[in-house]
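Q: I would like the atomic coordinates for the input below:
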Amino acid sequence: ETFTSERFTNLEEVDAEQEEARRSLLETDGLRHRALRRMLQGEFTPQAVAKYESFLTGLTATTLDNAFAKGEFDFVEDVSADFPIRVLARILDVPDEDTGQLIEWGNRMIGNTDPEHADVLMEDPESEKYRLVPFRSPAALEVFEYGQNLAKQRRGKGKKDLISVLADGVPSDGIPMSERDFNTNFLLLVVAGNETTRHTISHTMNNLINNPDQLTLLQENPELIPWAVEEFLRYASPVYHFRRTATKDVEIQGVKIKEGQKILPWFASGNRDSEIFANPNKMDVTRNPNEHMTFGRGGPHMCLGNALARIELRIMFEDLISRIDSMELTGTIDYLRSNFVHGIKRMPVKVHLR
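A: A predicted model of the protein is given here:
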C-alpha cells in the first residue's frame, strides 16, 4: 500500500502511455495482480513442479553427458543456457527445436544495453520507435507474434499448458485478457522462466570454482545441497533490482520519501547486508538461516517461479557435483553489460571428472 509497481519497475523513465502498453503481472498491483497471479500460479506451486522431477533428472543427465564429453567447453552455452530453456519449453509445451530461438530472443531483450546482443541499444535514439514494447527491443515484437501464433492453435482446445491458460482463461476479477495482456505476460514467462535460473547456474559454478572448500564440502556431504541452493541464490543475485514508486509520504530508517518518489531495492546489496548475514561476502553453503532477497521476501510480488528455480538448481548441482573432481576456468568470463541482470555470457571451463 505504501509503494506501487504500477508506475514501472525498471530504471528506465517511462510515460503513462508506455506504462500502460508494457504492463504485465510485474507492473500490476491489488485485485488485478492477484487475479493474474492466481491464473498462472497453478503450474508453479511446489506440488506442481514436483511432477517434473523425473524429467529434470533426465534432462540434467543428458545436458551434463553432452557437455562433459567435450572436456573443455563453454559452461553457459552447453549447460546453463541450454538447461532452463528446455524446462521452459516443456512447461509451455513448445517444440524443443524452438529453444534456440527463445534463447536468442531473451539475449536480445535482456541485453538491450549490451552492444553484442541488442538490435538497438536502449540509449540509442533509434530505440524510440520501440518505446511501447518491453525492453524497447524489436525482439519483443517477434515474441508477441510467436505467442499469438501458439495461442491461435490452442485457443478453445481445453488444454492446460500455460499458453492455453493465457489464451482461454478469464482472471478471477472478471476482466478478460486483452491481446496486450496475453503478449506482455507471455513475454514475461519467456524471459523470467529462463534468464534468472540460467545466470544463477553460471554464477554458482564460478563461485564453487573460486571456493573449492565449499565444493569439497558438498561432495563429501551431498545431503547439504538442497539447503545450499539458498546460498547459491543469495550469492548469485541474478537480478539486481526492481523499482517501486511511493504512494504516500513515508519515512524509512530516518529517510523521508515523498509521494511519487521512486525507490530502488537493490537485491544484490540486500543479499550482502552485514546486519542480516554474518560474513556476507563469504560463500557458506551451510548458512542458516538464509533470508536472502533473490525472490523477494514473501510479498505479493514474490517470484512466481521460485519453487521451479529451486528444484532446477537442486537437481542440476546434485548431479554435477557427484560427477566432478573439480572444474577450472580456461579463459576470461564475459559478463553481460547490464544494470538490471547479473548475467554471464561466456564462461570457458575444463572439467576434471571423478
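
Q: Could you check how far L304 is from E1?
A: Note on L304: its distance to E1, by C-beta to C-beta, to the nearest Å, is 21 Å. No exception for glycine: its C-beta is placed from N, CA and C like everyone else's.

Q: More neighbours: which of those two?
A: Taking other C-beta atoms under 10 Å, L304 and E1 do not tie; L304 has more neighbours (21 against 7).

Q: Looks like that one contacts L25 (just checking).
A: Yes - using C-beta atoms under 8 Å, L304 makes contact with L25 at a distance of 7.5 Å.

Q: Mutual contacts of the two, please.
A: 37, 40 (C-beta atoms under 8 Å, 6 or more residues apart in numbering).

Q: Can you flag the residue of this protein lying furthest from its geometric centre?
A: G254 (32.9 Å; C-alpha atoms, centre = their mean).

Q: Report pLDDT for it.
A: For G254, the model assigns a pLDDT of 96.

Q: So that it lines up with my notes, have the first residue be 615 from now on.
A: From this message on, residue numbering opens at 615, which makes the last subject G868.

Q: All the helices of the stretch 815-964 of the chain, residue numbers only.
A: Listed in chain order, the helices of the stretch 815-964 of the chain (DSSP state H, counting those that start in this stretch) span 826-834, 839-850, 881-884, 920-937.

Q: and the ones you listed, which is most packed in?
A: The highest mean neighbour count among these, using mean count of other C-beta atoms under 10 Å, belongs to helix 839-850: a mean of 22.

Q: how about the CA coordinates for that one, as CSV?
A: Coordinates of each C-alpha in helix 839-850 appear next as CSV, following Å, rounded to 0.1, in the frame of the first residue of the first chain:
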residue,chain,number,x,y,z
ILE,A,839,22.8,-29.5,-1.5
PRO,A,840,19.0,-28.8,-1.1
TRP,A,841,19.9,-26.2,1.6
ALA,A,842,23.0,-25.0,-0.2
VAL,A,843,20.6,-23.9,-3.1
GLU,A,844,19.6,-20.9,-0.9
GLU,A,845,23.2,-19.8,-0.6
PHE,A,846,23.6,-20.3,-4.4
LEU,A,847,20.7,-17.9,-4.9
ARG,A,848,22.0,-15.3,-2.3
TYR,A,849,25.5,-15.3,-3.6
ALA,A,850,24.5,-15.1,-7.3
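
Q: by contact count, what packs against that helix?
A: When contacts are defined as 3 or more C-beta pairs under 8 Å, 6 or more residues apart in numbering; DSSP states H and E, helix 839-850 packs onto helix 809-824, helix 920-937.

Q: hey, C-alpha coordinates of the last one in PDB?
A: So the one you mean is helix 920-937. This file holds the C-alpha atoms of helix 920-937, laid out as PDB (Å, rounded to 0.1, in the frame of the first residue of the first chain):
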ATOM      1  CA  ASN A 920      10.700 -19.700  -7.100                       C
ATOM      2  CA  ALA A 921       9.800 -23.400  -6.500                       C
ATOM      3  CA  LEU A 922      10.700 -24.300 -10.100                       C
ATOM      4  CA  ALA A 923      14.100 -22.500  -9.900                       C
ATOM      5  CA  ARG A 924      14.900 -24.200  -6.600                       C
ATOM      6  CA  ILE A 925      14.200 -27.700  -7.900                       C
ATOM      7  CA  GLU A 926      16.200 -27.000 -11.100                       C
ATOM      8  CA  LEU A 927      19.200 -25.800  -9.100                       C
ATOM      9  CA  ARG A 928      19.000 -28.700  -6.700                       C
ATOM     10  CA  ILE A 929      18.800 -31.400  -9.400                       C
ATOM     11  CA  MET A 930      21.500 -29.800 -11.600                       C
ATOM     12  CA  PHE A 931      24.000 -29.500  -8.800                       C
ATOM     13  CA  GLU A 932      23.200 -32.800  -7.200                       C
ATOM     14  CA  ASP A 933      24.200 -34.500 -10.500                       C
ATOM     15  CA  LEU A 934      27.000 -32.100 -11.400                       C
ATOM     16  CA  ILE A 935      28.800 -32.200  -8.000                       C
ATOM     17  CA  SER A 936      28.500 -36.000  -7.900                       C
ATOM     18  CA  ARG A 937      30.400 -36.300 -11.200                       C
END
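
Q: so what does it touch, helix or strand wise?
A: Counting contacts by 3+ C-beta pairs under 8 Å, 6+ apart, helix 920-937 is packed against helix 660-664, helix 667-682, helix 696-706, helix 809-824, helix 826-834, helix 839-850.
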